[in-house]
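I'd like to go over a predicted model; first the sequence, then the structure.
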Amino acid sequence: GTLTSDPFVILEDTISLLVGGGCNHLTSYVELLVDSHPVLRATGACRGRMERVVWDVSQFVNRSGIIRAADPVESMWGCISVDDVVTS
């Protein structure tokens, strides 16, 4: 399935988040969409342990962003976990 944030205006230079789970960037990922277009994507490392991912979003300041997590497959590591999304 997918989980999609409400749209927000990107006001800071970085977005950091904890990501865990699957490691296939085509089937289990969290991504940033800017103006409805995917621009950045992160996956877990095929482990349940979440790790901090930091995205440089300075080129997208004052544009519309959406964060979407997707894990549409049912297989080993066909899941994605996301937590603690922070802008700075």
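Alright, I've got the coordinates. Numbering: from 1, shown residues only.

So what does the residue lying closest to G22 once chain neighbours are set aside look like in phi/psi?
Distances taken as CB to CB, 6 or more residues apart in numbering place S28 nearest to G22, at 2.8 Å, with adjacent residues excluded. In this view, the C-beta of every residue, glycine as well, is placed from N, C-alpha and C. Dihedral pair for S28: phi -140, psi 100, per degrees, to the nearest 10.

For S28, give its distance to I10.
Plainly put, S28 is 24 Å away from I10 if you go by CB to CB, to the nearest Å.

more crowded one of the two?
S28 (24 against 18; other CB atoms under 10 Å).

Tell me the confidence at that one?
S28 is assigned a predicted lDDT (pLDDT) of 93.

Same question for P72.
At P72 the predicted local confidence, pLDDT, stands at 83.

Could you report the neighbour count for it?
Residue crowding around P72 was assessed by other CB under 10 Å; the count is 10.

my read: it touches T2, true?
Yes - P72 sits in contact with T2 when judged by CB atoms under 8 Å, with a separation of 7.3 Å.

give the contact list for the most centrally placed residue in the chain.
With distances taken as CA atoms, centre = their mean, the chain has V30 as the residue nearest its mean C-alpha position (2.9 Å). When the contact criterion is CB atoms under 8 Å, 6 or more residues apart in numbering, the partners of V30 are 17, 19, 41-43, 67-70, 80, 82.
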